[in-house]
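Participant: pasting the sequence and the predicted coordinates here, then a few questions.
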Amino acid sequence: PKAVAFYEERLYFAGTTGQPQTIFGSKSADFENHTPGTNDDDAINITIASDRVNVIKHLLPGRFLQILTTSSEFTLSGGTGAEPVTPTNVNVLRETTFGSSDIRPLRAGNSTILIQKGGERVKEITFDLDTDGLLGVDLTILAEHVASGGLTDMVWQQEPELILWFVHSDGTLVGLTYDRANGAVGWHQHPLGDSGVVESITAIPSGAEDQVYVSVKRTINSATVRHICFLKPISFGTDVSDAFFLDSGLTYSGSATTTISGLNHLEGETVQILADGSAHADKTVSGGKVTLDRSSTKVSVGYTYNSLVETLRLEGGADDGISQGKIKRIHGVTARFLNSVGAEVGPDTNNLDRIPFRDSSMAMDVAVPMFTGDKEISFPSGYDNDARVVVQQSQPLPMTILAIM
């Protein structure tokens, strides 16, 4: 069988080669016994009757047992009310007609999330009171480019943030912030440092959070290697030296030193370094180690990556209507940061000015403390139709943007 699930004290199998539309349910609370009968606790065999062959791919328990096939989505239940499923009381209804890919759907909150059979659409299936059935919503409709080319894996992270993580067919890590109760649903792409290719993903509960693990393929020292990495929590505390914004990296903490070893997995690679909370010059790993320009007690080493936010075309209004399509110029920007150090702002990635976070009152031999508040920036842009703002972080330091004005 291609699909297996527990539902109402029965073990269900479905999607066999010989009977691709048949669902086999065990005796109640006797999971290894599939002998059919007519008593309420006997095993259940039922074949979906529909106008086309619907090969069952997945079974997903919820309010009903959801049956996801190659072309439609069905529910299996005991009918009206809270009646249990029995051999003589079973109801299978077609709910939607999307069709599911081979990637196992998952439950996120009260919804079922599935990747459609083409691999380029992510559907949210929820119960709708108005229709008294399941309703499907396309989560990729406002960001079709993110899933273009196909998605190959997904996982649900509930803590510390509600995020659906996907693996794109090109190896990019893709996230979907999915907090439906608060109206926060938005896509974000996460290309890995040094063009690392994500092959697989999972999430494992770890204390107060779900830790997301990825298998990453790279070519290092002329050899193909795979790193098993996990996503570090963004909430690292109040000390900037504890920040970790690197890929495939490691952290040293101990007595002051200029030699950081144990980096054999990055042999021959150019790495970015955060030393005692300050950005350090890039180094190349040789013999599994790097030599720092200054002695440090806490050092993080790994691949660099850029974090980038680009706004849509800003709407500033006009006397005769909207400002879209009109010539305009942004002469200044105020960015509101939370616990941030280091950022660049400009109209595009080729014209960025670094925002100063260190002032004359700070000692030059200690790290710049994290900043919360507004930074006013003169904007290096000319007149054009776009009026976009780009904010970039290219250092291994924290940056959270609350507003761009």
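Facilitator: Perfect, thanks for sending it. Residues are numbered from 1 along each chain as shown.
Participant: which positions in stretch 36-53 come out as buried?
Facilitator: Applying a neighbour-count criterion of 16 or more other C-beta atoms under 10 Å, one finds 41-44, 46, 48 buried in stretch 36-53. Bear in mind the C-beta positions are built from the backbone N, C-alpha and C, glycine included.
Participant: out of the residues you listed, which comes closest to residue 31?
Facilitator: Distance to residue 31 across the buried residues of stretch 36-53 (C-beta to C-beta) is lowest for residue 43, with 10.3 Å.
Participant: low-confidence ranges, the stretch 1-150 of the chain, go.
Facilitator: Within the stretch 1-150 of the chain, the stretches with pLDDT under 70 are 80-81.
Participant: now the helices for it?
Facilitator: In the stretch 1-150 of the chain, the helices defined using DSSP state H, counting those that start in this stretch lie at 144-147.
Participant: re the thing from before, mark which of the buried residues of stretch 36-53 are part of strands, please.
Facilitator: Among the buried residues of stretch 36-53, the members falling in strands (DSSP state E) are 44, 46.
Participant: now, among the buried residues of stretch 36-53, which is nearest to residue 259?
Facilitator: Using C-beta to C-beta, residue 48 comes nearest to residue 259 of the buried residues of stretch 36-53, at 65.5 Å.
Participant: could you pull out the strands in the stretch 201-350 of the chain for me?
Facilitator: Counting by DSSP state E, counting those that start in this stretch, the stretch 201-350 of the chain has strands at residues 209-220, 223-230, 247-260, 270-275, 278-284, 290-303, 307-310, 332-340, 344-348.
Participant: so which of those strands is the most surrounded?
Facilitator: For the strands of the stretch 201-350 of the chain, the largest average neighbour count (mean count of other C-beta atoms under 10 Å) is found in strand 270-275, namely a mean of 23.
Participant: just how off-centre is that strand within its chain?
Facilitator: A distance of 25 Å separates the C-alpha centroid of strand 270-275 from that of its chain, computed with C-alpha atoms, centre = their mean, to the nearest Å.
Participant: quick one: strands adjacent to that strand?
Facilitator: strand 278-284 (antiparallel), strand 290-303 (antiparallel) (DSSP bridges).
Participant: and these: which comes nearest residue 323?
Facilitator: Comparing the strands paired with strand 270-275 by C-beta to C-beta, strand 278-284 comes nearest, at 38.0 Å.
Participant: got a list of contacts for the closest one?
Facilitator: Identification of contacts with strand 278-284 by C-beta atoms under 8 Å, 6 or more residues apart in numbering yields 268-274, 290-294, 296, 299, 301, 304, 342, 367-368, 395-397.
Participant: export only the CA atoms of stretch 230-244, formatted as CSV.
Facilitator: Extracted in CSV, the C-alpha atoms of stretch 230-244 (Å, rounded to 0.1, in the frame of the first residue of the first chain):
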residue,chain,number,x,y,z
PHE,A,230,20.1,22.6,11.7
LEU,A,231,18.6,26.0,11.8
LYS,A,232,19.8,28.0,14.8
PRO,A,233,17.2,30.0,16.7
ILE,A,234,17.0,33.7,15.8
SER,A,235,16.3,34.6,19.4
PHE,A,236,19.9,34.2,20.7
GLY,A,237,19.7,36.6,23.6
THR,A,238,21.0,40.1,24.2
ASP,A,239,24.8,39.6,23.6
VAL,A,240,25.8,40.3,20.0
SER,A,241,28.7,37.8,20.4
ASP,A,242,26.1,35.0,20.6
ALA,A,243,24.7,35.9,17.2
PHE,A,244,25.0,33.1,14.6
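Participant: quick one: contacts of that stretch?
Facilitator: 160, 209, 211-214, 251, 274, 276-277, 298, 300, 339, 341, 367-370, 396-398.
Participant: cutoff 7 Å now
Facilitator: Residues outside stretch 230-244 that contact it (C-beta atoms under 7 Å, 6 or more residues apart in numbering): 160, 209, 211-213, 251, 274, 276-277, 298, 300, 341, 367, 369-370, 396-398.
Participant: then stretch 212-219?
Facilitator: 155, 157, 165, 173, 192, 194, 196-204, 224-231, 248.
Participant: before we move on, what about stretch 310-318?
Facilitator: For stretch 310-318, the external contacting residues (C-beta under 7 Å, 6+ apart) are 322-324, 326, 328, 386-390, 404.
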